[in-house]
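Engineer: Build me a model:
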Amino acid sequence: MNFFIYWLPKGVHVFEYALRVSHAGVFSNGISTIQCMYAPEFAAHTQGFTVTVK
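Structural biologist: Residues are numbered from 1 along each chain as shown. Below is the predicted model:
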């Protein structure tokens, strides 16, 4: 998923969006990264985690 944001103030932000599960199993999402298009030295990332669908 790509989000294009014109302006983002300093602080903690949570991005949420709905998804529909179609298969059971154990899945790993990897990391999420945010980076400024015009100043790539401004970036942040999250840790990866595992999702278990029964």
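Engineer: Grab the nearest non-local neighbour of the spatially most central residue of the chain.
Structural biologist: Nearest residue to the geometric centre of the chain (CA atoms, centre = their mean): Ser32, 4.0 Å. Once flanking residues are discounted, Ser32 sits nearest to Thr46: 4.5 Å by CB to CB, 6 or more residues apart in numbering. Using the backbone N, CA and C atoms, a C-beta is placed for each residue, glycine as well.
Engineer: Identify the residues contacting that neighbour.
Structural biologist: Contact analysis of Thr46 by CB atoms under 8 Å, 6 or more residues apart in numbering lists 31-33.
Engineer: what about Ser22, how many neighbours?
Structural biologist: 6 (other CB atoms under 10 Å).
Engineer: now it: how far from Val53?
Structural biologist: 9 Å (CB to CB, to the nearest Å).
Engineer: and for these two, which residues touch both?
Structural biologist: If you check Ser22 and Val53 against CB under 8 Å, 6+ apart, no residue is contacted by both.
Engineer: the strands in this structure, which residues?
Structural biologist: Per DSSP state E, the chain carries strands over the ranges 25-28, 33-35, 43-45, 50-53.
Engineer: how far does the first one sit from the chain's center?
Structural biologist: The chain centre lies 17 Å from the centre of strand 25-28; the measure is CA atoms, centre = their mean, to the nearest Å.
Engineer: do the last one as well
Structural biologist: Distance of strand 50-53 from the chain centroid (CA atoms, centre = their mean) equals 16 Å.
Engineer: Equivalent analysis for the third one, please.
Structural biologist: The gap between the average C-alpha position of strand 43-45 and the chain average comes to 10 Å, counting by CA atoms, centre = their mean.
Engineer: partners of that strand in the sheet?
Structural biologist: strand 33-35 (antiparallel) (DSSP bridges).
Engineer: ok, residues contacting the partner strand?
Structural biologist: In contact with strand 33-35 (CB under 8 Å, 6+ apart) are residues 42-46.
Engineer: Buried ones in that strand, by neighbour count?
Structural biologist: Buried residues in strand 33-35, counting neighbours by 16 or more other CB atoms under 10 Å, are absent.
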